[in-house]
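Novice: need a 3D model of the sequence below.
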Amino acid sequence: MERTEIRVGTRGSALARTQTGWVVDQFRARGHEVSVELVSTRGDVVTDVPIAGIRGGDGVFVRELERALLDGRIDAAVHSFKDLPTAVTPGLELACVPLRASPFDAFVGRAAPTIDQLPPRAVVGTSSVRRVMQLRARRPDLEVRSVRGNVDTRLRQLDEGACDGLILAAAGLGRLGLEQRITEVLRPDAFWPAVAQGALVVQIRSGDPRMAAVVSAIDDPSSHAAVRAERACLAALAGGCLAPVGAWARFERDLLHLGACVLGPNGAGIATIEARAVAGAAETPEELGRRVAEDLRRLGADDLLALGREAEGRLQG
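Specialist: Numbering: from 1, shown residues only. Model prediction:
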């Protein structure tokens with residue numbers, strides 16, 4: 001039987017290629033012929049400023065891949081789900097979420113194994129607004145230094161003494177075989193992960209039944225439902241993928257639980273608003289996400305996010 005080759009697009013970083021390699025292996029194991037197309041994104045090219053400082057920063061790691069899909073140059077794109085804006089691009093579909101890796105952030109310590117054990121004025125490297133705010137809320141005495149680049153570049157900067165510790169996604173370290181570098185796993189309620197962190201998503205063109213059937217074979221329904229709830233919460237808050245919003249959804253005893261937080265400036269400190277809920281019997285993941293978002297808004301989330309957008313606008317000039 002004649003088979004048509006599947007062209008899978010990915011960014012060129014080691015992590016992106018490793019993640020895509022896993023997806024490609026799954027397709028090939030099911031008898032499909034697959035080729036990989038490397039696509040450079042704006043987020044890969046502009047590395048001298050924080051992501052929030054790149055004009056149009058929401059989605060800087062995905063737009064070129066989406067364009068390649070729409071143009072028909074590739075048949076599927078593999079993304080880190082946390083990089084995608086909450087608004088789905090017309091003509092495209094977020095069709096598949098494989099089994100999710102760890103959703104948590106991780107501390108990689110050089111001067112101390114945990115954040116709480118760092119000495120005063122120690123330097124921690126990260127460029128995420130969400131991570132920066134949580135770090136400052138936990139240890140306002142620490143210095144935060146913007147660190148961009150791939151995982152290996154950041155670890156090399158740490159090892160060369162540019163900072164005393166790094167905050168990275170535990171999933172990325174795990175996929176690269178670098179779990180041994182983790183000295184502390186950062187979990188809610190002390191430290192909230194990004195929406196959809198640790199999850200991959202395979203994006204295809206809408207109305208492509210062949211690819212829909214191919215990717216459905218590696219979809220994990222529980223992981224997919226969890227990230228749907230998290231993204232619905234973020235969308236209801238009108239927050240982009242760079243907003244200082246954290247969330248974590250998971251199944252416990254067959255019930256979907258969702259917790260989320262919004263961070264923002266509060267005078268000289270950082271304010272944190274949190275809300276949690278469990279899905280009702282007939283409630284969809286999206287409905288659960290919107291319900292938690294409404295609880296956050298009643299607690300003042302809109303004001304905190306507005307302050308965050310003002311700060312982002314000043315950063316972009």
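Novice: the most centrally placed residue in the chain in helix, strand or coil?
Specialist: Nearest to the mean C-alpha position of the chain, by Cα atoms, centre = their mean, lies Lys82 at 2.5 Å. Secondary structure assignment for Lys82 (DSSP: H, G, I helix; E, B strand; the rest coil): helix.
Novice: just to check, it is in contact with Leu200?
Specialist: No. Applying Cβ atoms under 8 Å, one finds Lys82 not in contact with Leu200, separated by 10.0 Å. In this view, the C-beta of every residue, glycine as well, is placed from N, C-alpha and C.
Novice: for the stretch 51-200 of the chain, just list every one of the strands.
Specialist: For the stretch 51-200 of the chain, applying DSSP state E, counting those that start in this stretch gives strands covering 76-80, 92-96, 105-109, 123-125, 143-145, 165-169, 184-186, 200-205.
Novice: run me through the strand neighbours of the fourth one, direction for each.
Specialist: Looking back up the chat, that one is strand 123-125. strand 143-145 (parallel), strand 165-169 (parallel) (DSSP bridges).
Novice: please apply the same query to the first one.
Specialist: Strand pairing for strand 76-80, determined by DSSP bridges: strand 6-10 (parallel), strand 200-205 (antiparallel).
Novice: closest one to Cys96 among these?
Specialist: With Cβ to Cβ, the closest approach to Cys96 among the strands paired with strand 76-80 belongs to strand 200-205: 4.1 Å.
Novice: got the angle for that closest one vs strand 92-96?
Specialist: Here strand 200-205 runs at an angle of 140 degrees relative to strand 92-96 (axes from the mean of the first three to the mean of the last three Cα atoms, to 10 degrees).
Novice: now do strand 200-205: distance to the chain's middle.
Specialist: Here strand 200-205 shows a centroid-to-chain-centroid distance of 15 Å under the convention Cα atoms, centre = their mean, to the nearest Å.
Novice: same check, this time on stretch 260-274
Specialist: Worked out by Cα atoms, centre = their mean, stretch 260-274 lies 20 Å from the chain centre.
Novice: do the same with stretch 29-41
Specialist: Stretch 29-41 sits 22 Å away from the centroid of its parent chain (Cα atoms, centre = their mean).
Novice: buried stuff in it?
Specialist: Neighbour-count burial for stretch 29-41 flags 32, 34, 36, 39, 41 (criterion: 16 or more other Cβ atoms under 10 Å).
Novice: what's the distance between the residue nearest to Arg290 when sequence neighbours are not counted and Arg121?
Specialist: Spatial nearest neighbour of Arg290, chain neighbours left out: Ala236 (4.6 Å); criterion: Cβ to Cβ, 6 or more residues apart in numbering. According to Cβ to Cβ, to the nearest Å, Ala236 stands 39 Å off from Arg121.
Novice: and if you look at Pro209?
Specialist: 58 Å.
Novice: with Leu307 instead?
Specialist: Between Leu307 and Arg121 the distance is 26 Å, computed by Cβ to Cβ.
Novice: compare the two (neighbour count), which wins?
Specialist: Leu307 (16 against 9; other Cβ atoms under 10 Å).
Novice: quick one, what contacts the more buried one?
Specialist: Each residue near Leu307 by Cβ atoms under 8 Å, 6 or more residues apart in numbering is listed here: 264-265.
Novice: checking my notes, it in a strand, right?
Specialist: No. Under three-state DSSP, Leu307 falls outside any strand and is assigned helix.
Novice: the residue nearest to the centre of the chain and Arg297, how far apart?
Specialist: Where Arg297 is concerned, Lys82 sits at a distance of 22 Å (Cβ to Cβ).
Novice: quick one on the thing from earlier: nearest to Gly149, out of the strands paired with strand 76-80?
Specialist: Nearest to Gly149 among the strands paired with strand 76-80 is strand 6-10 (17.7 Å), distances taken as Cβ to Cβ.
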